[in-house]
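K.L.:
with the input below, show me the fold.
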Amino acid sequence: MKVVIVGGVAGGATAAARIRRLDEQAEIVVFERSGYVSYANCGLPYYVGDVITEPEHLTLQTPESFFKRFRVRMKVRHEVTAIYPHKKTVLVKDLENGGAFEENYDKLILCPGAKPAQPRLPGAGIDKLFTLRTVEDTFRIKEYINKNHPRSAVLAGGGFIGLELAENLRELGMEVTIVQRPKQLMNPFDGDMASFIHSEMRKHGVRLALGHTVEGFVETEGGVDILLKDEAPLHADMVVLAIGVTPDTALAREAGLELGMKGSIVVNDRMETSVPDIYAAGDAVQVKHYVTGEDALISLAGPANKQGRIIADNICGGDSRYLGSQGSSVIKVFDMTAAVTGINETSARKAGLDADTVILSPMSHAGYYPGGKVMTMKVVFEKETCRLLGAQIVGYEGVDKRIDVLATAIHAGMKAGQLKDLDLAYAPPYSSAKDPVNMAGFMIDNLSRGILKQWHLEEIDTLPRDGSVTLLDVRTVGEYGRGHIDGFRNIPVDELRKRLDEIGKDKKVYVICQSGLRSYIACRILEGSGYEAYNFSGGFRFYDTVMNDRCLIERATACGMDE
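P.N.:
Have a look, this model is predicted:
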């Protein structure tokens, strides 16, 4: 059996190694148009910022090491330019000498990945404008920085690459501005949770120009002018386009393979394309979202590796199936960690799901043990069924392990209330006896049983201020004095029982505290005394962060820049 693989990074390299482990006799050839195979895409921004200092550390394998261990022929600087399914061959161009030849196959695996989105804007080809996808792109950016010592950069796009590159350029001492049309960074997060990411970026000197549309680039003697719609241009010494990726599927289209959303390759759960003996994996394929069952494009290394392994199993006589992508991801944002799994509240509502959320601010470990830090968790679930839909966490410690527990729970089909039953490891330096994941489960269980009623941030402007309801802040007098929501009166929770006569029983009571815990206790006191009480989801800390962020963004939209 002869297997030809197009693309030698995550999916392709994984498939090649797995086929060899299953079939010692198979002939395996990989064609990779760049000069590198099995390289660490996710590590590229950290080479720019000198976190990774040795170029060879970006490559997990070389063609020579891959052949020595797996007897796989890795042909770098070779681009497959055509597929001929009727005669089971591919046309290959040697990019070193310009020659071309045909290579036959019994099985063909397509792992072309995705390419940076390149809008057709004036000036998009200028020398000071970069994209970041390959090792060569990384070296090009690094060489430009080392040679020209730019003092400022504009990044067009606020996804994973944009944020990671912003951090690394700031670490080099550069002034960095992120500009993009959406009014939030990191689309997998809801806007309210993205507020915490925005705050961390601003804290470290990154300027955010959100809600602005880039219309072109003009090279000047002193750098680049970035033209904005209805705004004055921005100026920088260099620009990096990081506005997303699109499936790189021209080869598949020309070969007649069925394509799906945004031109991606359609595959079944065995990763088979519409053409016999041709498989596909990675960022170029359309998958099913594990939570919604809808078609999706999810460009992450984890799914690509799993898909490559599944293809290898099936080529070698197995019957492995891809269950779908869940979108679990994590990112370092300076000192903060932000992580997500499943779908967010915005996506759930767009999908027509009757979703609810709980928002909590637990400590990363036991409060009495030194060094604990607050994290903010948002767990999304379906109201009627309590099916877990997704989760988002931002914080400084312990974020990654909590998101992994929640990702596992979603994959296992657990109900949201069952999170309370998980037996999770505890010692004071690492967690609390009631882990944050357990706490989310307790809250959802209380909601489902009617023990807890809550109100959300989007209701803040609709709450009547005419005295027909009671608006109650149960923090201390000092906390209340440092900032509160207009219209909310202050009765500290520890004084509430003896001051119940100040609250009319014929009115609904909307309660808030700093994090949501004291207000929950207040709600139980009120409910036990015959009142109808609603707890604010997230607490004043959450409210204050989100509202301040929205104010900054709106001011930036009006003034042209977010300071």
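K.L.:
how close does the closest residue to residue 343 other than its chain neighbours sit to residue 339?
P.N.:
Leaving aside its chain neighbours, residue 343 sits nearest to residue 390 (4.4 Å; criterion: Cβ to Cβ, 6 or more residues apart in numbering). From N, CA and C alone the C-beta is placed, and that goes for glycine too. Spatial separation of residue 390 from residue 339 under the definition Cβ to Cβ, to the nearest Å is 11 Å.
K.L.:
looking only at neighbour counts, state which of those two leads.
P.N.:
A count of neighbours by other Cβ atoms under 10 Å puts residue 390 above the other of residue 390 and residue 339, at 28 against 25.
K.L.:
so the more buried one bridges to which residues?
P.N.:
When assigned by DSSP bridges, residue 390 has beta-bridge partners residue 342, residue 380.
K.L.:
these two touch, right, it and residue 349?
P.N.:
No - using Cβ atoms under 8 Å, residue 390 is not in contact with residue 349, being 11.9 Å away.
K.L.:
and the helices in this protein?
P.N.:
With DSSP state H, the ranges of helices along the chain come out as 10-22, 44-48, 63-70, 135-148, 160-171, 191-203, 250-254, 301-315, 345-350, 399-411, 436-448, 477-481, 517-528, 539-559.
K.L.:
the fifth one packs against which elements?
P.N.:
Other helices and strands packing on helix 160-171, by 3 or more Cβ pairs under 8 Å, 6 or more residues apart in numbering; DSSP states H and E, are helix 44-48, strand 152-156, strand 175-180, helix 191-203, strand 329-333.
K.L.:
go through that helix and flag the buried ones.
P.N.:
160, 161, 162, 163, 164, 165, 166, 167, 168, 169, 170 (16 or more other Cβ atoms under 10 Å).
K.L.:
do you know how far residue 455 is from residue 383?
P.N.:
With the distance defined as Cβ to Cβ, residue 455 ends up 15 Å from residue 383.
K.L.:
give me the distance between residue 433 and residue 492.
P.N.:
Using Cβ to Cβ, we find residue 433 at a distance of 26 Å from residue 492.
K.L.:
residue 454 too?
P.N.:
With distances defined as Cβ to Cβ, the gap from residue 454 to residue 492 amounts to 21 Å.
K.L.:
out of the two, which sits in the more crowded spot?
P.N.:
When neighbours are counted by other Cβ under 10 Å, residue 454 comes out ahead of the other of residue 454 and residue 492, with 24 against 18.
K.L.:
confidence score at the residue nearest to residue 343?
P.N.:
At residue 390, the predicted lDDT confidence score is 98.
K.L.:
follow-up on the earlier one: can I get the buried residues of helix 160-171 in a markdown table with pLDDT and distance to residue 57?
P.N.:
Conversion of the buried residues of helix 160-171 to a markdown table gives the following (pLDDT from 0 to 100; distance: Cβ to Cβ, whole Å):
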| residue | pLDDT | distance to residue 57 |
| --- | --- | --- |
| 160 | 91 | 20 |
| 161 | 90 | 19 |
| 162 | 92 | 23 |
| 163 | 95 | 22 |
| 164 | 94 | 16 |
| 165 | 95 | 18 |
| 166 | 95 | 22 |
| 167 | 96 | 19 |
| 168 | 95 | 15 |
| 169 | 96 | 20 |
| 170 | 96 | 22 |
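K.L.:
circling back: so residue 455 and residue 383 - more neighbours on which side?
P.N.:
For residue 455 versus residue 383, neighbours defined as other Cβ under 10 Å are more numerous around residue 455 (17 against 13).
K.L.:
touching, the more buried one and residue 536? I think so.
P.N.:
Yes - under the criterion of Cβ under 8 Å, residue 455 makes contact with residue 536 at 5.8 Å.
K.L.:
any shared contact partners between those two?
P.N.:
Contact with both residue 455 and residue 536 is made by residues residue 510, according to Cβ atoms under 8 Å, 6 or more residues apart in numbering.
K.L.:
who's in contact with the lowest-mean-pLDDT helix or strand in the chain?
P.N.:
Per-element confidence for the chain was summarised using mean pLDDT, DSSP states H and E. The lowest value among helices and strands belongs to strand 114-116, with a mean of 84. The contact list for strand 114-116, computed with Cβ under 8 Å, 6+ apart, reads 131-133, 241-248, 282-284, 299.
K.L.:
and of these, the nearest to residue 124?
P.N.:
When the contacts of strand 114-116 are compared for distance to residue 124, the smallest value, 7.9 Å, is given by residue 241; criterion: Cβ to Cβ.
K.L.:
residues contacting that closest one?
P.N.:
With the criterion set at Cβ under 8 Å, 6+ apart, residue 241 makes contact with 116, 117, 118, 119, 124, 129, 130, 131, 156, 157.
K.L.:
for residue 290, which non-adjacent residue is closest in space?
P.N.:
For residue 290, ignoring the flanking residues on the chain, the nearest one in space by Cβ to Cβ, 6+ apart is residue 324 at 3.7 Å.
K.L.:
also residue 12?
P.N.:
Across the structure, with Cβ to Cβ, 6+ apart as the measure, the residue nearest residue 12 apart from its sequence neighbours is residue 111 (3.8 Å).
K.L.:
that neighbour is in contact with residue 308, isn't it?
P.N.:
Yes - look at residue 111 against residue 308 with Cβ under 8 Å: they come within range, at 6.9 Å.
K.L.:
common neighbours of these two, please.
P.N.:
Common neighbours of residue 111 and residue 308 (Cβ under 8 Å, 6+ apart) are 10, 11, 12, 15, 281, 282.
K.L.:
touching, the second one and residue 281? I think so.
P.N.:
In this case it means residue 11. Yes - taking contact to mean Cβ under 8 Å, the distance of 3.6 Å between residue 11 and residue 281 places them in contact.
K.L.:
so where's the protein uncertain?
P.N.:
When residues are selected by pLDDT under 70, those of the chain lie in 556-563.
K.L.:
same thing but 50
P.N.:
Low-confidence regions of the chain, defined by pLDDT under 50, span residues 563.
K.L.:
picking up where we left off before, how about the buried residues of helix 160-171 in a markdown table, adding distance to residue 260?
P.N.:
Formatted as a markdown table, the entries for the buried residues of helix 160-171 read as follows, by distance: Cβ to Cβ, whole Å:
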| residue | distance to residue 260 |
| --- | --- |
| 160 | 23 |
| 161 | 24 |
| 162 | 26 |
| 163 | 28 |
| 164 | 28 |
| 165 | 30 |
| 166 | 32 |
| 167 | 34 |
| 168 | 34 |
| 169 | 35 |
| 170 | 38 |
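K.L.:
the residues you listed: which two are farthest apart?
P.N.:
160 and 170 (16.2 Å).
K.L.:
one step back: so for residue 232, which of the helices of the chain sits nearest?
P.N.:
helix 539-559 (10.3 Å).
K.L.:
the closest one packs against which elements?
P.N.:
The contact analysis (3+ Cβ pairs under 8 Å, 6+ apart) places helix 539-559 against helix 191-203, strand 207-210, strand 508-512.
K.L.:
count of neighbours near the closest residue to residue 395 other than its chain neighbours?
P.N.:
Using Cβ to Cβ, 6+ apart and skipping residues adjacent in sequence, the residue nearest residue 395 is residue 375, 2.7 Å away. The number of residues packed around residue 375, counting by other Cβ under 10 Å, is 23.
K.L.:
and residue 375, what does it touch?
P.N.:
With Cβ under 8 Å, 6+ apart as the criterion, the residues that contact residue 375 are 361-364, 393-399, 402, 436.
K.L.:
tell me how far the closest residue to residue 425 other than its chain neighbours lies from residue 365.
P.N.:
Sequence neighbours aside, residue 431 is the residue nearest to residue 425 in space, at 6.7 Å (criterion: Cβ to Cβ, 6+ apart). Using Cβ to Cβ, residue 431 is found at 6 Å from residue 365.
K.L.:
mutual contacts of these two, please.
P.N.:
Taking Cβ under 8 Å, 6+ apart as the contact rule, the neighbours common to residue 431 and residue 365 are residue 398.
K.L.:
bridging residues for residue 3?
P.N.:
Under the criterion DSSP bridges, residue 3 forms beta bridges with residue 28, residue 107.
K.L.:
what's the burial count for it?
P.N.:
Each residue near residue 3 was counted by other Cβ under 10 Å, and the total is 26.
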